[in-house]
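sequence and predicted structure below; questions after.
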Amino acid sequence: MPQPSSVAQLPTEVRTQLDQRLLASGFSGYTDLTDWLQDQGYEISRSAVGRHASKFKARMERLRETTAMAKEAGALLDDEGAHGATAVALAQSNLIELLFTYQDVTEETDIEKRSKMISQMSKSAAELMRAEVVQQKHKADVRSRAQAAADEIDEVVRKAGLSDDAANQIRAKILGVAS
């Protein structure tokens, strides 16, 4: 197993502050960050900060992309199922971020941290599966109700004397909502 990076060995609070400073500086100013770490009592090289910044920036980009996809999914769907689809997309985003974080944690030798990450990933995967099941049930329910409404309206319009063509057009419009 490779030796953990010097940045990965920093206490979580210090690493979080480093990440916040990287975000605030636009992922630049590694010398200033190295000086800041030295002021905090940590001897971390500029290249180690740069390697950490590259990994962190890549994770942030992937997170932004998955978040944007989740927002797009919610915006594209304007029916009641939008919330379910957005929830699934956000759960996927959460799981992806945990996987990225796990990649960084595996550089560390701390078994407890790795165990916690595996537990969190399992929980996120289970939540994702539950959300997908709920969404599929909702879609099936909407289709079923639309089919029942189309059947009922079809019967009413035919009794009212509308042509088969008009009744079929109304039926197609109703069922088009459910697809």
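Right, received. Where do you want to start?

who are the packing partners of the top helix by length along the chain?
The longest helix of the chain (DSSP state H) is helix 111-159. Where contact means 3 or more C-beta pairs under 8 Å, 6 or more residues apart in numbering; DSSP states H and E, helix 111-159 is packed against helix 81-105, helix 164-178. C-beta coordinates here come from the backbone N, C-alpha and C atoms, glycine included.

now do that helix, average pLDDT.
The pLDDT scores in helix 111-159 average 77.

tell me the angle it makes with helix 164-178.
Angle of helix 111-159 versus helix 164-178, following axes from the mean of the first three to the mean of the last three C-alpha atoms, to 10 degrees, is 170 degrees.

in this protein, which helix or strand is least confident?
Averaged element by element with mean pLDDT, DSSP states H and E, the chain has its least confident helix or strand at helix 81-105 (a mean of 65).

so the residue of the chain positioned farthest from its centre is in which element?
Within the chain, the residue lying farthest from the chain centre (C-alpha atoms, centre = their mean) is residue 161, at 51.7 Å. When secondary structure is defined by DSSP states H and E, residue 161 falls outside every helix and strand.

and for residue 8, the neighbour number?
By the criterion of other C-beta atoms under 10 Å, residue 8 has 19 neighbours.

need phi/psi at it.
Phi and psi for residue 8, reported as degrees, to the nearest 10, are phi -60, psi -20.

how much space between it and residue 159?
Counting by C-beta to C-beta, to the nearest Å, the separation of residue 8 from residue 159 is 74 Å.

give me the mean pLDDT for the strand or helix carrying residue 47.
Here residue 47 sits within helix 46-76, counting by DSSP H and E. Helix 46-76 shows a mean pLDDT of 79.

just give me how far the longest helix of the chain sits from the chain centre.
Centroid separation for helix 111-159 versus its chain: 17 Å, with C-alpha atoms, centre = their mean, to the nearest Å.

same question for stretch 170-179.
From the chain centre to the centre of stretch 170-179 is a distance of 32 Å (C-alpha atoms, centre = their mean).
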